[in-house]
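give me the fold of what follows.
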Amino acid sequence: MQAGFSRVDITPPLGVRMGGQVHPPQADSIESRLHANAMCVREDGVDLVIISCDLVSIPTAMADQIRGGIAARVSMSSENVLIAATHTHSGPLTGAMLGGERERDYVETLPAKIEEAACEAHSALQEARLTVTSTEVKGLAFNRRVIMRDGTIQTHPLKNDPDIVELEGPDDPELGIIYATDPSGRFLGGVVNFTCHGTVMERYSTAISADYPGYVSSILSEQLDPGSTVLFLNGACGNICQVDTQNSETREVGADWAKHMGRTIAEAAVQAIRSGAGVEQSGLRVRSDTLAIPMRPIPAEVLREAKEKASKPVSASPLNSDYGAEPFGELPASRVALVDLIETEFWGWLEAKQVLALADEYERNPLVDVPLSVVAGVDFALACVPCELFVEFGLEMKQRSSFRYTFVSELTNGAIGYIPTEKAFSRVGGYETRFPARLREDAGRLITEKVVSLLRSAAT
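Modelled structure (predicted):
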């Protein structure tokens, strides 16, 4: 087996609009640089390329373009090229989101840089051993959807709100690790898989940042070999963030907390690698398929209301809380909790715009292609999905897998929005089940069953 790694800087120029926020702010500084980190593995003449990009998302059409470009340049199958976004909310807008449009100039130069990372990793192939292991890191990631006393759901409620009853669902503390060493045992690089939104930088930070995933990659490289490259793949974190709603002693936002998370995760990975545990891999293979899943139809009444709201001028949006990191009763007067922001006239206008755009898309083609892939070895599998998948589905994929190690990588080979559980859709309140979820309500079940089928195929 051979492995090669590369790291290419994809930091945008200052002035770009940043992803993941309502009417996103413009970047005016750089907290940490963004990278496309690539790993190429070759075995018996078959190549596999995995690329992790410090971006909020990579639109499916762009991912397809890049995969095809890489495949042509290094003479391999595009099916064996996997491109993931770490989901940092402090990078440039790569697609329309929450009232912001993609950064066109930046996006036009991005594919060539990502292709460069893959080709450099391919050129760096050398004899290597590939090992897979895992451990757990608890207390850094939490379910962000909370059941309130009145039975409704809040996403990002304020800390210690007296009406909080319990978290709606679980989290996933597993830390998956895939790493390569040369014949002398020197660490060449690897992949780290953890499940948590990249929302650790302050909500309205104007600093470009790779967020905690960037620190995981850089700290792990520094500790094991400064010349190595580490990829970060985010797990099924559609409803997972870093804020502990039950602990008012911590404030889990900002660069210091991102460094804390990065250091904690990296040190756990170092310990797992140095322990010598894990399974050496061979026989790498890829299984993939594409589902055509219908979009959620827009009810006529909702469409009428959206047209009316979208036509009316509205005042500027109030500022949102820092992902609920503020204690209940201590939110600054200039800020509102997400549950209150959703009730404002501004939010109604913004969501109406989204509804109208989705209705137009539905008219053109109500089906959305959902590319799914599974990479497998002797006793591990990596399931790749192009969405913000609820953690319940990720845990189910792992539980139903016959492999000793199974990891899930979301926002891989595309970005089709949130995929909540049907139970979440049945509840009142919350953010994720609104129109960021563009596919019909059983999409998560369809995706999970297909991934499980691919896992079974890869195991035989």
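
my read: Ala359 touches Glu305, true?
No. Using Cβ atoms under 8 Å, Ala359 is not in contact with Glu305, being 11.9 Å away. The C-beta positions use only the backbone N, C-alpha and C, and glycine is treated the same way.

Met295 pairs with what?
Leu439 (DSSP bridges).

residue contacts, it?
Leu358, Glu361, Tyr362, Pro366, Leu367, Val368, Arg438, Leu439, Arg440 (Cβ atoms under 8 Å, 6 or more residues apart in numbering).

how near is it to Gly151?
Using Cβ to Cβ, to the nearest Å, Met295 is found at 28 Å from Gly151.

and Leu382, how far from Ser453?
In terms of Cβ to Cβ, Leu382 sits 16 Å off from Ser453.

when those two are compared, which one has more neighbours?
Leu382 (26 against 14; other Cβ atoms under 10 Å).

and for the closest residue in space to the more buried one that isn't next to it in sequence, the neighbour number?
If the residues on either side of it in the chain are set aside, Leu382 comes closest to Val375, at 4.4 Å by Cβ to Cβ, 6 or more residues apart in numbering. Using other Cβ under 10 Å, Val375 has 24 neighbouring residues.

who does Val375 bridge with?
If you apply DSSP bridges, the partners that Val375 bridges to are Val286, Leu382.

I'd say it and Gln281 touch.
No. Judged on Cβ under 8 Å, Val375 makes no contact with Gln281 at a distance of 10.0 Å.

what segments of the stretch 101-250 of the chain are strands?
Counting by DSSP state E, counting those that start in this stretch, the stretch 101-250 of the chain has strands at residues 126-127, 129-136, 142-143, 145-148, 153-155, 164-167, 174-181, 187-194, 207-208, 229-234, 240-241.

quick one, which of these is nearest to Gly430?
Nearest of those to Gly430, taken as Cβ to Cβ: strand 153-155 at 3.8 Å.

elements contacting the closest one?
With contacts taken as 3 or more Cβ pairs under 8 Å, 6 or more residues apart in numbering; DSSP states H and E, strand 153-155 sits against strand 145-148, helix 338-341.

check these for me and report the most buried one.
strand 145-148 (a mean of 23; mean count of other Cβ atoms under 10 Å).

strands paired with it, and their directions?
As assigned by DSSP bridges, strand 145-148 forms pairs with strand 153-155 (antiparallel), strand 164-167 (antiparallel).

all the strands of the stretch 251-400 of the chain, residue numbers only.
Going by DSSP E, counting those that start in this stretch, the stretch 251-400 of the chain shows strands at 279-280, 285-294, 319-320, 335-336, 367-376, 380-384, 388-389.

hmm, Ser78 is touching Ala63, no?
No. If you go by Cβ under 8 Å, Ser78 and Ala63 don't touch, sitting 10.1 Å apart.

when the two are compared, which one has more neighbours?
Higher neighbour count among Ser78 and Ala63: Ala63, with 27 against 16, using other Cβ under 10 Å.

does that one count as helix, strand or coil?
helix (DSSP: H, G, I helix; E, B strand; the rest coil).

ok, now Ala38?
strand.

bridging residues for it?
Residues in beta-bridge contact with Ala38 (DSSP bridges): Ser6, Ile51.

my guess is it contacts Val230. True?
No. Counting by Cβ under 8 Å, Ala38 stays clear of Val230, with 11.2 Å between them.

what about the two, which has more around it?
Comparing Ala38 with Val230 by other Cβ under 10 Å, the one with more neighbours is Ala38, at 31 against 28.

need the CA coordinates for stretch 222-233. PDB is fine.
Output of stretch 222-233 as PDB, limited to C-alpha atoms (Å, rounded to 0.1, in the frame of the first residue of the first chain):
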ATOM      1  CA  GLU A 222       2.600  19.400  15.400                       C
ATOM      2  CA  GLN A 223       2.500  16.600  18.000                       C
ATOM      3  CA  LEU A 224       3.200  13.700  15.700                       C
ATOM      4  CA  ASP A 225       5.200  15.100  12.800                       C
ATOM      5  CA  PRO A 226       5.300  18.800  11.800                       C
ATOM      6  CA  GLY A 227       5.600  17.700   8.100                       C
ATOM      7  CA  SER A 228       2.400  15.600   8.200                       C
ATOM      8  CA  THR A 229      -1.100  16.500   7.100                       C
ATOM      9  CA  VAL A 230      -4.300  15.700   9.000                       C
ATOM     10  CA  LEU A 231      -7.700  15.800   7.500                       C
ATOM     11  CA  PHE A 232     -10.800  16.500   9.600                       C
ATOM     12  CA  LEU A 233     -14.100  14.900   8.600                       C
END
